[in-house]
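*Asks:* following is a predicted model, sequence given first.
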Amino acid sequence: MLRKTLLYNNFLNKIFQPPDKIVFRWGMLFPVIVLMCISFITLKYTSVNSSFFSSTFTKQIVWFGLGSIIFILAQWVRIQYFQEYAYHFYGILIILIGVTYFMPVIGGSQRWLIFGPLSFQPSEIGKLFLVFVIARVLADQKGNMNEIKLLLLILIMAFIPALLVFKQPDFGTAIVYGFIAIPMLYWSGIRSFYLFSVIAPFVSIISAFNIYIFSIWMGILVFVIYYNQPKITTGVSQFIVNIGCGILSPFIWNNILYFHQKERILTLLNPTRDPHGAGYQVIQSIIAIGSGGIWGKGVGEGTQTQLRYLPVRDTDFIVSVIGEEMGLFGITVILVVFFTMLYWIIVYAGIISNRFSSLTLIGFASILFIHLAVNMGMTVGLLPVTGLPAPFLSYGGSFLLSCILILALSTNIINQHI
Amino acid sequence: MPKYKKVQLVLAGIFAILFFRFYHLQIYQHSKYEAKAGNNSVRKISLHAPRGIIYDRNGIPIVDNRQIYDLAVIPFDVTSQFDYQMVSKRTGVSSSELQEKITKGKKSFHRFRPVPIKRHINFETRSHLEENKLSLPGTIFSEFPARTYPDKAKLTHVLGYLRVVTDFTASKPNQKLNYKLGDVFGFSGIERIYESNLRGRDGTEFRLVDIYGIDHGVYQDNPGQQPVPGKALNLAIDSKLQALIEDLFTEKKGAAICMMPKTGDILAFVSAPDYDLNSFAGPVPLELWEGWNTDPEKPLINRGIQGLYPPGSTFKLIGAALAKEEGKVDKNWTVNCNGVYHLGDRDFHCWNEAGHGTVNMDKAIFQSCNIYFYHLIQKLSFNNWKGMAENFGFGATTGIDLLGEKEGLVPGKKYMNDKYGRFGWATGNLLTFIIGQGDVLVTPLQVVQMMNIIATRGNTKSPHLLLDGPSENITLSLKSETWDFLQQATWNVVNHEDGTGKAAKVMGGDVHGKTGTAQNPHGEVHSWFAGYLVKDDVPILSLAILVEHGGKGSVEAALISHKIFKYAQKNITL
């Protein structure tokens, strides 16, 4: 009994520790307040027809309240615990995502662990675990490992969950998983040329669908390889790999991608191609945004929004609502405050000398950034419709909580070191 | 540059790309997308302008408006509980066809747009479907203007009917009226000729509509335009008289036209047989049209202006007028009628085979003696005879406000030379012409116009259906004695104890007239009566009655005329 209690105390002590101080970093947090206000105003008018308690507006306020509590509680978390147990968490993540394959299909995909009335999406919190494990590996290797081996190791670590998520299928989260590693690798000091070498095959694959773009890309590739002067064998083999990727991509297109994934990519390239499928949403979104003009049509006055031409206006396409009702002004506010938030996280990451903490901040910033960029890019037809919500703007409880958790843990980390 | 600055710079670059994309859409392409958003949600609703109502001369409505309906379905709103059977039963559209239309519609981009199911359903069907709205999700009705004919008088050929604009060629002649597909337009009769008056100007309204087609009220930024109803028309028709004559013509073929000699007003206009304008809603169904078109009785022909008949003895008035005007004969010039007249190697008969004995011109008219006129024409010039016929309006349209009027035919020398060759015809032909046979062809309207000219001593107006409608003065100056003679002779036809038109006589009324019996190649002779009624020294009603294959004019047509005069004496005043 005593032993058990001691073990338990021991466990709690590992996870929690009272913070020395709680300082709110307003450069990071003020943007959140602005974004949340925009979100609440928008949700208020997109949910006019539902009753007060069931409206997305009310629910989101409740989630935000819950998030504030979590923010405070998270200040007691001992971040080092995640560093120590990063590999364990990573393993658990892989297993949990694996388990989702045995769960029922909801809305065409298997993303959730379902226990009776409760459901849980492991890939959501898994983004944080992936950041921790990559930060741990990179922090542990202080130049005592071959750069290329390290790079490949990190990429494999990121690609295993990314592939698993991709097969669920959840294209959006897979992009997040795949993306996180790149800024973190750059931050850890890996040579840019190596990163370029890693990204290059993907560009080759995509550009292979247009012979002219592919030719231009090959030109850039040759120039970059020549400029960095690697060994002749490395340079040539790199060139061959890229050409190979270009040739392989039609095969990948035809045999690996799901129909709806192909649809999304094709629709990205030409939104009018399938006007009543995914393209329909993008067309309506672009119309909504374009018709908003500088100052917008006024809150609650957007015809595209209020007359329901715009689909999923509470979640995936909330930026389109803002674009229509608040115009370029509203969009500019979003871009400015969001940039401010990321700007400060990066500043702190630059100041903090602890490699794990610094890398974790960069990883967190990457998560927030890729969500916003993909979401906004989607609403204006620059990127495919992937179903990634906009942080602090889109309606959705668990996503809001994980975004708040990211900022809470960032605050925690910063307060530990500064 | 420190690493974090580089990262911030890349970040700023990506945010700038996003900003410029938004800038491009929201500023540079703003007007394009504003228009697209408008197209999405702002529906232009056409507000039908009601068509003008048509009244008779006494303000009794003859043509009114009513609504019929088009049934459509919004595919998106159709659920599994949609009762295909019921719609099929009520509209006659097969339920498999319905299902096909709806499933096709559901897949289409325009799945929120109504798909037409059945056009022109009546109020009763609509009400029934409306009552079961719950099992018919997605059904909508749109109103469609149609005509209704509330009066007993049918006036079929005069009123005409409507058709739907099916393609834009149909509306080309009247583009200023701005037809849209699906609009109705007057295809025949009064509906057609007064289209620009009857047709109002459709209004428009802009309404906000959401993606489910649910209305969200009037679009504030554009108030639209109120519809302007079509103008009402008052016809010169007396609907009671019209109904009376239509009744008299049941089971008969022919035409009857009554006019007011001084004004040119057409009081009644009957062409029998006719067709029933009330037998269909909206445009004429094809089967019905085909039926009328192939009917050997030719109900579509307006016999009053399109039927060409030999005028028979009514035409003797022309010859008589010419002889009087030129002073070629006087009262004392007589002819002995023994029933037959030899010219060359041919025998020309009088209708009275026993003969009329000694006949002067007066008697020749009221007893309608052919032999007298066989002699008379030989004293007259063919050219002058043709000229006199033309003076009385024959051989030309009268200018009535209906389309399709025919000119008829008054043969002249040129015509005869062209048709028979210079030596192919002779005086014999003229003998038939003067008694209104042979090549002479007239319309009933021309005959009634002749009566107007006689009744007004050459001061009448061209016939028109619209009250106070477009009309030209018709003046014909003949010698006073000529008019006196024509009026006296026509009075005698009805009122002389041996007059052929005795049957048309009314007690206490001055009826003038002339009977006619027109031989024709199709069978039994046509029965003519043309005349007018004088009340208080004023001619108040003129008429021409033609009963196809009705036998002698002295019987059938005169009897009908009698009933009309009787009505007119009581009811018509100037």
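*Replies:* Arrived safely, thanks for sending.
*Asks:* number of residues surrounding B:Asp401?
*Replies:* 21 (other Cβ atoms under 10 Å in any protein chain shown). From N, CA and C alone the C-beta is placed, and that goes for glycine too.
*Asks:* quick check, pLDDT for it.
*Replies:* At B:Asp401, the predicted lDDT confidence score is 92.
*Asks:* OK, contacts around it?
*Replies:* Counting by Cβ atoms under 8 Å, 6 or more residues apart in numbering or on different chains, B:Asp401 touches B:190, B:193-194, B:464-466, B:469-470.
*Asks:* what does the stretch 51-200 of chain A put close to chain B?
*Replies:* Neighbours of chain B within the stretch 51-200 of chain A, by Cβ under 8 Å from any Cβ of the partner chain: A:183, A:186-187.
*Asks:* which residues does B:Ala35 contact?
*Replies:* By Cβ under 8 Å, 6+ apart, no residues touch B:Ala35.
*Asks:* list only buried entries from the contacts of B:Asp401.
*Replies:* Those of the contacts of B:Asp401 that meet the buried threshold are B:190, B:193-194, B:464-466, B:469, by 16 or more other Cβ atoms under 10 Å in any protein chain shown.
*Asks:* can you put the residues you listed in CSV and add distance to chain A?
*Replies:* Shown next, in CSV, are the buried ones among the contacts of B:Asp401 (distance: Cβ to the nearest Cβ, whole Å):
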residue, distance to chain A
B:Ile190, 45
B:Ile193, 46
B:Tyr194, 43
B:His464, 54
B:Leu465, 51
B:Leu466, 49
B:Gly469, 51
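*Asks:* sort those residues by pLDDT and name the bottom one.
*Replies:* For the buried ones among the contacts of B:Asp401, the least confident entry is B:Gly469, with 79.
*Asks:* how much space between that one and B:Pro229?
*Replies:* From B:Gly469 over to B:Pro229 the distance is 20 Å, taken as Cβ to Cβ, to the nearest Å.
*Asks:* with B:Ile193 instead?
*Replies:* 19 Å.
*Asks:* same deal with A:Ser402?
*Replies:* Noted for A:Ser402: a distance of 65 Å to B:Pro229, by Cβ to Cβ.
*Asks:* quick one, what contacts the residue of chain B found nearest chain A?
*Replies:* Of all residues in chain B, the one sitting closest to chain A is B:Tyr33 (2.6 Å; Cβ to the nearest Cβ). B:Tyr33 makes contact with A:286-287, A:289-291, B:25, according to Cβ under 8 Å, 6+ apart.
*Asks:* just the residues you listed: which are in helices?
*Replies:* Helix and strand membership here follows DSSP state H; of the contacts of B:Tyr33, those in helices are A:286-287, A:289-291.
*Asks:* mind pulling up the pLDDT for B:Glu472?
*Replies:* Looking at B:Glu472, its pLDDT reads 89.
*Asks:* which one is it nearest to, not counting chain neighbours?
*Replies:* Leaving aside its sequence neighbours, B:Glu472 sits nearest to B:Ser462 (Cβ to Cβ, 6 or more residues apart in numbering or on different chains; 4.6 Å).
*Asks:* would you agree the one you found is in contact with B:Ala396?
*Replies:* No: look at B:Ser462 against B:Ala396 with Cβ atoms under 8 Å: they stay out of range, at 10.7 Å.
*Asks:* show the contacting residues for the closest residue in space to A:Arg136 that isn't next to it in sequence.
*Replies:* Spatially, and ignoring its direct neighbours in sequence, A:Arg136 is nearest to A:Ala86 (3.9 Å; Cβ to Cβ, 6+ apart). Contacts for A:Ala86 (Cβ under 8 Å, 6+ apart) come out as A:129, A:132-133, A:135-136.
*Asks:* next one: A:Ala86 from A:Pro183, what distance?
*Replies:* For A:Ala86 relative to A:Pro183 (Cβ to Cβ), the value is 18 Å.
*Asks:* try B:Ser239
*Replies:* From B:Ser239 to A:Pro183 the distance is 91 Å (Cβ to Cβ).
*Asks:* and the gap between A:Val337 and A:Val241?
*Replies:* 41 Å.
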